[in-house]
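# Show me how the following folds:
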Amino acid sequence: MLAILDWELATAGPPFADVAYLCLSHRLPPGVPALPSLPLPLPAGVPTEAEIVRLYCDASGRAPPPAPAWRFFVALALFRAAAILAGVGARAAAGNA
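Numbering: from 1, shown residues only. This is a model prediction of the structure:
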């Protein structure tokens, strides 16, 4: 298997938006049931956020985004997660979940 894609979560736009969404669990605080975070220290074999970005850049031939742009993509990923959870909550409240 080469990849598993969830087209509902795929972004049509800057690829780093998807990379930041992939890295979101590295940034979340522990204890949020709907948004699991990674334990610290990271388990063996789990790459850090910086390693994920570097691996993506190496594979895609893209330069890493500057720090302000990366922070924007992380903020976008948080907004995306909040929007998804709001939709899930609304469907659950309506009995459509």
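# Could you say which helix or strand holds the residue nearest the centre of the chain?
Nearest residue to the geometric centre of the chain (C-alpha atoms, centre = their mean): Tyr21, 1.7 Å. Element membership for Tyr21, per DSSP states H and E: helix 15-22.
# now that helix: how far from the chain's centre is it?
6 Å (C-alpha atoms, centre = their mean, to the nearest Å).
# just stretch 62-81 next, same as before
10 Å.
# Check the gap between Tyr56 and Val19 for me.
5 Å (C-beta to C-beta, to the nearest Å). Backbone N, C-alpha and C define where each C-beta goes, glycine included.
# Same drill for those two, tell me which one is more crowded.
Val19 (24 against 17; other C-beta atoms under 10 Å).
# Okay, buried residues for stretch 18-25 please.
Neighbour-count burial for stretch 18-25 flags Asp18, Val19, Ala20, Tyr21, Cys23, Leu24 (criterion: 16 or more other C-beta atoms under 10 Å).
# Tell me which residues are up against that stretch.
Applying C-beta atoms under 8 Å, 6 or more residues apart in numbering, the external contacts of stretch 18-25 come out as 9-11, 35-38, 49, 52-53, 56, 70, 73-74, 76-78, 80-81.
# helices and strands around the lengthiest helix in the chain, which ones?
Identified as the longest helix of the chain according to DSSP state H is helix 67-94. Using 3 or more C-beta pairs under 8 Å, 6 or more residues apart in numbering; DSSP states H and E, the elements in contact with helix 67-94 are helix 15-22, helix 24-27.
# Specify the angle between it and helix 15-22 in degrees.
Helix 67-94 runs at 60 degrees relative to helix 15-22, counting by axes from the mean of the first three to the mean of the last three C-alpha atoms, to 10 degrees.
# where does helix 67-94 sit relative to the chain's centre, distance-wise?
10 Å.
# For it, the averaged confidence score.
Computed over helix 67-94, the mean pLDDT rounds to 91.
# Could you do stretch 30-47 as well?
Confidence for stretch 30-47, expressed as mean pLDDT, is 86.
# Thank you, goodbye.
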